[in-house]
Each structure stands twice: as C-alpha cells, then as structure tokens.
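1. Prediction below, plus the sequence it came from.
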Amino acid sequence: MKYTRLTKQQLDELHPEFINFLATQSITASEWSQIKEERPEVAEQELDVFSDLIWEGVLTKVAYLENISEQHMHLFHCAEKEMKLLSVKVMNPDIDLTTKIGFDWFKKNWQSDFVEYLTAAKAYSEDSNRDKFELIRQGASITKGELYQWFERVITV
C-alpha cells in the first residue's frame, strides 16, 4: 500500500465510487459479499487498492496545506515543481494559534516583534504526491490556501 487505508467513515462516504471501482473489475455486489466472506485477504487488498486510487486523485489536486499548532503555522503552497513554505512562529507563550482568541491576537499583531517569519522552497522528491501525503500524515490539512495567499499579498514570499 502506498498511502493509508481510508477510514470506515470515508469508505462509507465513497460507497458509490467504491461500487464503480468494483464494477470496473467486473465484481458484482453478490461477488463482493462472497469475496468478503470467503477470501477476506482479497477484500482487504481491494480496499487498499481503492484507498490508494482515492488518495492519488486527491493528492494530485492538492495546492495548499496548513499545519497550525499552538505557536507555529506552517503554510505550504504545492506548486508544480516545488513546495513553498511560509513558516510563522509566535514567540508569545500566552498565545495559542489553535484557538479563536490566539488567532485573533495574531491577526492584530502579525507585524509585531513577537512574530517571526521564515520562507523556504524545496523541490519534490521523485513522488510529489508522497511528499504531500507525508505532510498530511504529520498533521497538515488540505486547504484552499487563503491564509498562504494573504501572506503572499502582504509580504514577499
């Protein structure tokens, strides 16, 4: 498996897509039930292949990722050939960026001496989707990039 298996909730939400996936392999509903009962290892393999296909499709479309913790924001722009990082560090231990109060403080004080910025860019490895997946595995979320784009407008990235 290249990525990770989708959760039961994700699989439930993708039920129509999974039915289509089985249909492309000429597996009917009754055959699927039989496979699950008589050859569970084959059913597990099918779930893994489907999960990888879904992840591959999602990761190919990812343009922005964010990983926000109490004192840090790591904002990623997944460009075509490289991943750009905008890192924000809040040096006020009383501020927690994961809370509304902390983020509101940041919005008012983003230019203060209590906020440091770092930018970087890194070329992808041979597998850009795997690079994106690793960031997600480490806690990043897929976003539309509003925060990154806002910073791009107000500071030189």
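-> Yes, it's here.

2. Every contact and neighbour count from this point should use C-alpha atoms.
-> Fine.

3. Count the residues that sit near Glu37.
-> 11 (other Cα atoms under 10 Å).

4. just checking, what packs against the strand or helix carrying it?
-> In the assignment (DSSP states H and E), Glu37 maps to helix 29-38. On a contact count with 3 or more Cα pairs under 8 Å, 6 or more residues apart in numbering; DSSP states H and E, helix 29-38 meets helix 40-61.

5. Which positions in the helix it packs on come out as buried?
-> Neighbour-count burial for helix 40-61, with 16 or more other Cα atoms under 10 Å as criterion, is recorded at Ala43, Glu46, Leu47, Asp48, Val49, Phe50, Ser51, Asp52, Ile54, Trp55, Glu56, Leu59.

6. For the chain, just list every one of the strands.
-> Secondary structure of the chain (DSSP state E): strands at 64-68, 72-78, 82-90, 115-123, 141-143.

7. Tell me which of these lies nearest to Ser33.
-> Proximity to Ser33 (Cα to Cα) singles out strand 141-143 among those, at 34.1 Å.

8. ok, residues contacting that closest one?
-> Val62, Ala63, Tyr64, Leu65, Glu66, Asn67, Ile136 (Cα atoms under 8 Å, 6 or more residues apart in numbering).

9. same thing with stretch 21-32?
-> Ala43, Phe50.

10. Show me which residues of that stretch are buried.
-> Phe21, Leu22, Trp32.
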